[in-house]
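Q: missing the sequence, but the structure's below:
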């Protein structure tokens with residue numbers, strides 16, 4: 001199954017146990033990479049609007065981990 005939106009988002013189910021989400025951006029590759037791999041960027045945009053990223057740890061080495069903790073906005 002494949003579902004494609006008008007925003008460059010493609011959702012596929014290659015197997016019964018896998019969901020693949022692919023997103024295209026009209027931005028330089030390096031900027032998109034930085035947005036996903038640098039805490040100063042990730043804490044600002046990842047999560048719900050208005051939430052605050054409080055903890056961010058990214059280890060890009062093979063076998064590394066990625067962790068982001070957010071504080072929910074009031075009333076959320």
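A: On my side now, so go ahead. Here the structure is a predicted model, which means the values were calculated and not measured. Numbering: from 1, shown residues only.
Q: is it true that residue 42 touches residue 68?
A: Yes: using Cβ atoms under 8 Å, residue 42 is in contact with residue 68, at 6.1 Å. The way it works is simple: take the backbone N, C-alpha and C, and place the C-beta from them, glycine included.
Q: so what sits against both of those two?
A: Both residue 42 and residue 68 are in contact with 53, 56, where contact means Cβ atoms under 8 Å, 6 or more residues apart in numbering.
Q: Look at these two and report which has more neighbours.
A: Regarding residue 42 and residue 68, a neighbour count based on other Cβ atoms under 10 Å identifies residue 42 as having more, with 18 against 15.
Q: distance of the more buried one from residue 74?
A: According to Cβ to Cβ, to the nearest Å, residue 42 and residue 74 sit 22 Å apart.
Q: Same check on residue 64?
A: For residue 64 relative to residue 74 (Cβ to Cβ), the value is 34 Å.
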